[in-house]
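> need the 3D shape of this:
(chains A and B)
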Amino acid sequence: MPKDNTIQTILVIGSGPIVIGQAAEFDYAGTQACLALKEEGYKVILVNNNPATIMTDDMNADAVYFEPLTVDVLEKIIAKEKPDGLLATLGGQTGLNLAYQLDDAGVLEKYNVKLLGTPIDSIKKGEDRELFRELMFEIDEPVPDSTIVHTLEEAQAFADKIGFPIIVRPAYTLGGTGGGIAETMETFKELVRGGLQESPITQCLIERSIAGYKEVEYEVMRDGNNTCITICNMENIDPVGIHTGDSIVVAPSQTLSDDEFQMLRAASIKIISALGIIGGCNIQFALDPNSKQYYLIEVNPRVSRSSALASKATGYPIARIAAKLAIGYHLSELINPVTKSTYSSFEPALDYVAVKFPRWPFDKFTTAHRKLGTQMKATGEVMALHRSFEGGVQKAIDSLELKTNGLQLLSLKDKTVPELWEKLAEKSDERIFVIFEMLRKGVTVEEIHKATIIDYFFLQSFASLIEKENEITAKTIDLVTKEELQLYKEKGFSDRYLASVWKVSEIEVRAHRKSLGITAVYKTVDTCAAEFESHTNYHYSTYFGENEQKKTDKKKVLMIGSGPIRIGQGIEFDYCSVHGVYALQDENVETIMINNNPETVSTDFATADRLYFEPLTLEYVLNVIEAEDIEDVIVQFGGQTAINLAKGLEDYGINLLGTSFDTLDQLEDRDRFYQLLQKLEIPHVPGSMANSAEQLIECAEAIGFPVLLRPSYVIGGQGMEIIRSKKSLLNRIENGTALVFPVLIDSYIPGKEAEIDLIADGNEIYIPIIAEHVEKAGVHSGDSMALLPAQSLSEDIKNKMTIFAQKLVVELGYKGLMNIQFVIEGNDVYVLEVNPRASRTIPIISKITNVSLVQIATKILLGKYSLSNVFEKTGLMEEIPYSVVKYPVFSTFALSGLDSKVGPEMKSTGEGIAIGKTMTEALTKVFHAQKAKHTSGVYQSESVQLSEELLVLINEAGLTLTDSDFDKWLNEGNAAVVLAYGTTEEDKKLRLLAAKYRLLAFTEEETFKAYLQSLENADPGVTALQEWIVTYSKGVSHV
Amino acid sequence: MKNYLHLENGSVFEGELLTKSIKKAITGEIVFFTGMTGYQEVLTDPSYKDQIVIFTYPLIGNYGINENDFESKKPHVAGVIVYEGNMSHSHYQAKYSIAEYLDKWNIPLLSHVDTRAVVKNIRQEGSMQAAITAETAFTFESSLNDLEAHVAAVSTKEIESFGKGSKHVVMMDFGYKKSILNSLLEQGCRVSVVPFDTKFEHIKDLNPDGILLSNGPGDPKQLEYLLENIKKIITNFPTMGICLGHQLTALAFGGNTKKMLFGHRGANQPVVDLKTKKVYMSSQNHSYEVDEPSLQGTSLQVRFRNVNDSTVEGLMHKDLPIFTTQYHPEANPGPIESSLLFNDFLQMINEYSGREKAYA
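I've put the predicted structure just below:
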């Protein structure tokens, strides 16, 4: 059937700020969907308040609304834009829940909006456990013994009947929030209580645990003519019991016979048909490892993290095709975009193995509970493609950027076998490394299987890798034969690992293997195992066989991506990489992307001219550079990951566009940085570097407390701490985690913090806007609420900031993007740090000022332009005539044990944006979703002192303040806000409770004040980005 | 042990032999299978008789070989080419590793071959001969046509009976897969498997309610001398034809068949049912196709078509209760959604039983 011509305007709901369980995959899906709809000639209206996304670029939608994702706001947008269609299955759980709520509230009917794709009844059947179970009984598909409960008493009765272990799954929650497996009545009651609270419909499914079964997922698609296809299946290496988002996953399944594969495939098709889904759907099964018995675990009637992974693992663009199906097309009418010669109604055949490995935030959040279960905890993931499973695992681990050497997690190296057994029992994020370490120390595969139920296939593969490690250890670089080295490379052992074992440099290993003729070759992801010719340049490397990649003799530039999403390095760097690609394409330069994050737009094979799905380590990056004959590399847009590669690349003779390693080093090495600032007469916070604990104490006393400690070369403020007295410093040295010297030590000035992002051409600078932080210096910029333009800085201070920036750029001859953070105390402006790369705020500033900073910077890096060619005016720009707030979003709900107190170390997983005519209106939008709960109770911890002025404001805002019994206050049902600023145990406990019960917790007084300000405006309007920017003339003369 | 895969176009690929050493070169037509599971079914499918099969999925043998998923009593392939075939297999049903199993039947398993590169040769140049040898050089002495397997080599020698159902289906055995038999038994049929050249009169004596023309190896025209007999059989009883059975039906009614460039093999071939426009994934394994223009003027019409290359994937007779599929509704390996066609077959049988005059 051709597309639906009865609709002209389609509303697309995005997934909002990034939280655990809902990350960049929805930017990838949303971008694909918006483009798919636009190319069909529809007017696209997009609502998504995540500024760091590609999908919210004005070129992807005719109107982009950075507005709160709530029913009342969506109704306003619908009334204004009058869409006749709504696409809600590409915006994650957020989009789906909103569609459900809009329907429930009668909004869709009132404005005559047709829900496109999967009908609302199907969504309900997929999401509502009771309806779903009824349907499964009807079509005779097995679900485990279970019951739906709405009260704790019902739950207890069921548990008494069937016994433990029992799984608790709250209905309509994200990433399994609030769920878990209970072994005892006590934990069970706790889980049910929490789960009922998490569920927006106060409903939980409790079921007999089938932990230990194989967990297998199918990605299924269906069109309006009931043609159903499975894009791929995936097997979780971790058996049922660990959330699939936290499991190591391999595609296709490895341990299923064809009979089992087809049995579950047929069940998938039966289920998607019965549900009546139009578009994509993810179905999870549990399969008994010792029989053909299987159970359904769950169905996601929408595109998901798994579908993004499946798209990248197979080359089949699920979201794009799902959008086309939603507007009426049938699968057999759509061309397969990879082969361009076959149709979309087929099932991809893989001739490689795809391994997905989650990236967890526990390197940052050392106090959070690391035990994995039904609540997802990973912030991001990597994918590796290889011809062997072992090679895939190795590449995936190399892509994680953890402190590993080969397969060894360094922190486990010295653990004894009993300690490792203890660790294994914890079921933490480290468990695969624990298994490697146990195998290394002689524990048998059988013992590990018994403890983990991980299939022997995987364990034997791991054991074979450890055997190879032993072989390698017994060799030297001079003794290893060509055949042996060839085999090690095929099994994924990196040059870096081999070098460390053989006590030579990585470059020596590289040179030696090249002299033996062992070089990387590239295979193509073509959806069809080479059965048909394909024209897509989507490659992965292996060290065996024919090289399929054909280089061109065009001018080309390599763009280094930013790897997995983690705290401090999020989707904003993907935005930057993608815009860099757009700019290069605009200049007719061939773009080559290397990255390993399957969730992102940058790894869509349709983004860059050529895509290499590889670890971002020197070996793999150099391989691509050599295979493609690349001379120029851009490292400025890929976050710290790309910056970390700069030295190795430069040493190898590669040209880094705009950024020499020496420049980076001058800005990142504290000694050199301070020398530079002193030379330029730019004030900096007094500080120095300590090489030992003794020196640290000396320095701290010389500078004076409070002081800020941090390691050099960090992202997201990893390991940063404020130390307020000598006593706490001594305590920190003696009792805290080991400090890695050298440590930087600065005076801590609790002043105002502000930052700028600029474009430089070596001479001139362009500063679009200054951002002022709500919280005082000492709170990581990623966790601060930022006001744009700055609200309280004098002209004099802004001038100083501009002059300092100009001086730095001229002195360094710097080109490209730079981010500078300042502390302001009175009339003094100190430079806090300079980041010689794109920063977190680049996307938001580009959007609100309508200047693509990355694209202009890229063209400057190419040497094509200077700023005066592009802009009429340089320096600091005029202020935008509207107000913008960038606010951090935390995933404390997913990370039990994580203290939400903001500080120098970053904790947020995402950010939101709000735009208003006034700052008050913008702030109102920030807190709008919480306000919709209509609660007004404020709980104040003992350590919080409120001024008279604040008390008046609280009273005026209609809030009621309490500091008595917390539980009583909570049970009264009016709980809204917890104020706990301190570092005491009590404050910490209050913050953890607030996270658990999803209350607003303010950990800095300034943020609370902003909240109070937000309450002044009752009814914010809705305005599209495109409407805001016409009110601001940006003065770009030529881009 | 190092061994070599020689292709007729002169390409040579070094590999590691995982089975015992071979004394003389193994030759055969090389065909590739793109399914990611189902190697055991492929090895034992008689349609692969004397062919060298190359698997595109790089790990073959993960779940071993079990006693349940054989498609016939023994493997029929001449040789097997994989990238990796010596992993530790793991499955509760597994009895042997793939190397152990093939070794038992003296079939070579050559591993560590760049299978993707081999497939690209076949894709670009079409079906060709290949040889597995211990030598770095090899000269092909026969032509590809000489290598065509004969149905006689795989067909049953005598009539075998299965099941106790009320409807009696006679399966003409050109090299049937066990799954076809199982599919019929699941429909509650009594099945007589008869030699491929059983005469009409003999079959009539068996008093069947329906006829199934099975799959089988090689060029359908090898059985040209039997077409008249086949036509007589299928115009007298409700008939379902699968793969070779489909091709023979076309030939019997005056259509033609031709060799394809490299055929269809795998578990993901999209087939559209022209009646419903619905697309199904199908399991396929064929080198020959029914030439569509040759159907003009015959009493056959196209019912199923391949979505990718528009080739004929199934036929129906305009008047008589006959339908055929080029693909494998019995699956194994591959998607099982087309198994519904066996329901259709039974329905057809039920509709026509006792209505002899339809055949007048």
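> now the closest residue to chain A within the stretch 101-250 of chain B: closest residue in space, sequence neighbours ignored.
Closest approach between the stretch 101-250 of chain B and chain A, counting by C-beta to the nearest C-beta: B:Asp114, at 3.0 Å. For the C-beta atoms, the positions are set from N, CA and C on the backbone; glycine is no exception. Leaving out its chain neighbours, the residue that sits closest to B:Asp114 by C-beta to C-beta, 6 or more residues apart in numbering or on different chains is A:Gly545, at 3.0 Å.
> just checking, that neighbour touches B:Val119?
No: judged on C-beta atoms under 8 Å, A:Gly545 makes no contact with B:Val119 at a distance of 11.5 Å.
> more crowded one of these two?
B:Val119 (24 against 19; other C-beta atoms under 10 Å in any protein chain shown).
> any buried residues in the one helix or strand that one maps to, and which?
Using DSSP states H and E, B:Val119 falls within helix B:115-125. With burial defined by 16 or more other C-beta atoms under 10 Å in any protein chain shown, the residues of helix B:115-125 counted as buried are B:115-123.
> what does it rub up against?
Here helix B:115-125 makes contact (C-beta atoms under 8 Å, 6 or more residues apart in numbering or on different chains) with A:351, A:523, A:529-533, A:545-546, A:548, B:5, B:7, B:9, B:11, B:13, B:30-32, B:54-56, B:58, B:81-83, B:128, B:262.
> assign a three-state SS to residue 270, would you?
Using chain A. helix (DSSP: H, G, I helix; E, B strand; the rest coil).
> same check on B:Val169?
strand.
> and A:Gly1021, how many residues sit next to it?
Counted with other C-beta under 10 Å, A:Gly1021 comes out at 13.
> let me fix that: A:Ser341
A:Ser341 has 14 nearby residues by other C-beta under 10 Å.
> is the one helix or strand A:Asn470 maps to positioned near chain B?
Assigned by DSSP H and E, A:Asn470 falls within helix A:456-473. Yes: shown here: helix A:456-473 in contact with chain B (C-beta under 8 Å from any C-beta of the partner chain) through A:456-457, A:460-461, A:464.
> in the residues you listed, find the pair that's most separated.
A:Tyr456 and A:Ser464 (11.9 Å; C-beta to C-beta).
> count of residues packed around whichever residue of the stretch 201-350 of chain A sits closest to chain B?
Going by C-beta to the nearest C-beta, chain B is nearest to A:Asp258 of the stretch 201-350 of chain A, at 3.6 Å. Using other C-beta under 10 Å, A:Asp258 has 25 neighbouring residues.
> from memory it sits against B:Ser283, does it?
No: with contact defined as C-beta under 8 Å, A:Asp258 does not reach B:Ser283; the gap is 9.5 Å.
> list residues touching both of these two?
B:35, B:267, B:332-334.
> from these, which land in strands?
B:Ala267 (DSSP state E).
> drop anything exposed from the shared contacts of A:Asp258 and B:Ser283.
B:35, B:267, B:332-334.
> ok so, going back, other SSEs contacting the helix holding A:Asn470?
helix A:389-399, helix A:431-440, helix A:445-452, helix A:482-490, helix A:495-502 (3 or more C-beta pairs under 8 Å, 6 or more residues apart in numbering or on different chains; DSSP states H and E).
> follow-up on the earlier one: from the buried ones among the shared contacts of A:Asp258 and B:Ser283, pick the one nearest chain A.
Using C-beta to the nearest C-beta, those come closest to chain A at B:Pro333, 4.2 Å.
> I'd say the closest one and B:Ala267 touch.
Yes: contact criterion C-beta under 8 Å: B:Pro333 and B:Ala267 qualify, at 5.8 Å.
> is the one residue in chain A that gets nearest to chain B in a helix, a strand, or coil?
When distances are taken as C-beta to the nearest C-beta, chain A reaches nearest to chain B at A:Gly545, 3.0 Å away. Under three-state DSSP, the three-state class of A:Gly545 is coil.
> list the contacts of it.
A:387, A:521, A:523, B:114, B:116-117.
> any low-confidence regions in chain A?
A:1, A:172-177, A:200, A:712-719, A:1033-1039 (pLDDT under 70).
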